[in-house]
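>>> the sequence and its predicted three-dimensional model are supplied below.
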Amino acid sequence: MKKAMKWACKWKCLVALVLCVCCVMQGMTVYAAPEVMPDGGLFDAEFYAATYPDVVAVFGTDPAMLYWHYVVAGKAEGRLPYAPTQPAQTTQQAAANSSVTNGFAAMVPGSVVTIGRYEQDGNLANGSEPIEWIVLANDGHRLFILSKYILENRAWLHDYANVPWEASDLRAWMNGTFYDTAFTADEKQCIVEVTNSNQNSAAFYGPGLGLPCGNDTKDKVFALSVYEAQAYLGAVPETVADWNPAMQATTTIYAQQQGCWTHSVNRRGFWWLRSAGACAGSHVAVVQDHGAVVSHVGNAAGEGARPAMWVAY
Ligand SMILES: [Ca+2]
């Protein structure tokens, strides 16, 4: 009798375990892209709350509290700050990957890869040149890459007006003309559309400064936010001593021909971020030639586009 009860108990446990696994698999959630926190860390509060109910029971669901728990305890306990797996690649992406992204899996931050072509040497007769990209991150499925050079002379907006990234000319160009011009059909299959968070720039610029940056956007190609630039390149707002080589970029000869301001000796230029600037008046975050983030009006002439994107491999 005792033995039978023991078996019944074990059987119930097994059934419960199977049901639990099934529930977890069926209920697998695809979470939004993790957000860049004010200290530069990546964190997905929704994932953290759903995954660690024991933390929620004590700390609640306030994202700031959850992130604080992760920093002071969760990280040391081996808890994850965001979902470890990315959405599965499509069959088409997988098929295209082998030729387009050969070798991408081994890339580390700072590596340079090539994908796509764009006019760069200013000689239209010899066709466009391969685009070089600096690897910012490799999450095991995708590379986060930023064009090495400032590729085109583009204003943020054609007019003097306050608009967020979602309504900017630069976003339309990056996801339209540039995307269509620079990449083959196979390459496009590898470029992942992501949901970009467009947080208020106040935490970057400091107390009393910063502006709302609009709604989240779905982008294939995009400018970095001030927080991404901070997390991956150590961006800081301009102060006297804030020269930052990791943020410096040179313009291509073609971009210079198109009107990009280019330093006469080192060829560095200015490149837009997708975040609002420090203060009202159509201001947008832009990186100066010496690498600090300043705030210029969005229709300023001579400032350029430095596209970024996620590529599946
Ligand atoms: Ca050329």
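Received it, and whenever you're ready, just let me know what you need.

>>> burial count for the nearest residue to Pro212 once chain neighbours are set aside?
Counting by C-beta to C-beta, 6 or more residues apart in numbering, Pro212 lies nearest to Asn200, which is 5.2 Å off, once chain neighbours are set aside. Where you see a C-beta, it was placed from the backbone N, CA and C, and this is true even at glycine. Neighbour count for Asn200, taken as other C-beta atoms under 10 Å: 14.

>>> check the one 4 residues further on too.
Other residues lying near Phe204 total 25 when counted by other C-beta under 10 Å.

>>> how about it, nearest residue that isn't a chain neighbour?
Val226 (4.2 Å).

>>> what do you get for Gln256?
Closest residue in space to Gln256, ignoring its immediate chain neighbours: Thr262 at 4.4 Å, by C-beta to C-beta, 6+ apart.

>>> give me the pLDDT value at that neighbour.
Predicted confidence (pLDDT) for Thr262: 98.

>>> for Phe144, see how far away the residue nearest to Pro212 is.
Distance of Asn200 to Phe144, given as C-beta to C-beta, to the nearest Å: 22 Å.

>>> and the nearest residue to Trp173 once chain neighbours are set aside, what does it touch?
Excluding the flanking residues, the one nearest Trp173 by C-beta to C-beta, 6+ apart is Arg154, at 5.8 Å. Listed by C-beta atoms under 8 Å, 6 or more residues apart in numbering, the contact set of Arg154 reads 169-170, 173, 272, 303-305.

>>> is it possible to get JSON lines of those that adds distance to the ion, pLDDT and secondary structure?
Formatted as JSON lines, the contacts of Arg154 follow (distance: C-beta to the ion, whole Å; pLDDT from 0 to 100; DSSP: H, G, I helix; E, B strand; the rest coil):
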{"residue": "Asp169", "distance to the ion": "25", "pLDDT": "98", "secondary structure": "helix"}
{"residue": "Leu170", "distance to the ion": "23", "pLDDT": "98", "secondary structure": "helix"}
{"residue": "Trp173", "distance to the ion": "20", "pLDDT": "98", "secondary structure": "helix"}
{"residue": "Trp272", "distance to the ion": "24", "pLDDT": "98", "secondary structure": "strand"}
{"residue": "Glu303", "distance to the ion": "23", "pLDDT": "97", "secondary structure": "coil"}
{"residue": "Gly304", "distance to the ion": "17", "pLDDT": "97", "secondary structure": "strand"}
{"residue": "Ala305", "distance to the ion": "18", "pLDDT": "98", "secondary structure": "strand"}
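
>>> narrow those to just the buried residues.
Neighbour counting over these (16 or more other C-beta atoms under 10 Å) leaves 169-170, 173, 272, 303-305 as the buried ones.

>>> phi, psi of the closest residue to the ion within the stretch 151-300 of the chain?
Using C-beta to the ion, the single residue of the stretch 151-300 of the chain nearest to the ion is Tyr254, 7.2 Å away. Phi and psi for Tyr254, reported as degrees, to the nearest 10, are phi -60, psi -50.

>>> count residues in the vicinity of it, would you?
21.

>>> what does the model give it for pLDDT?
Looking at Tyr254, its pLDDT reads 98.

>>> equivalent analysis for Tyr48, please.
On the pLDDT scale, Tyr48 is placed at 88.

>>> surely it meets Val55?
Yes - contact status for Tyr48 versus Val55: in contact at 7.2 Å, counting by C-beta atoms under 8 Å.

>>> how about the strands in the stretch 51-200 of the chain?
Ranges of strands in the stretch 51-200 of the chain, per DSSP state E, counting those that start in this stretch, are 112-118, 129-138, 142-147, 152-153, 191-192, 194-196.

>>> just put the ones you listed in JSON lines and tack on mean neighbour count and distance to His290.
Output for the strands of the stretch 51-200 of the chain, formatted as JSON lines (neighbours: other C-beta atoms under 10 Å; distance: least, C-beta to C-beta, whole Å):
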{"stretch": "strand 112-118", "mean neighbour count": "18", "distance to His290": "22"}
{"stretch": "strand 129-138", "mean neighbour count": "18", "distance to His290": "18"}
{"stretch": "strand 142-147", "mean neighbour count": "23", "distance to His290": "18"}
{"stretch": "strand 152-153", "mean neighbour count": "24", "distance to His290": "19"}
{"stretch": "strand 191-192", "mean neighbour count": "22", "distance to His290": "31"}
{"stretch": "strand 194-196", "mean neighbour count": "17", "distance to His290": "27"}
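
>>> so for Val36, which of these sits nearest?
The closest approach between Val36 and any of the strands of the stretch 51-200 of the chain, judged by C-beta to C-beta, belongs to strand 194-196 at 10.5 Å.
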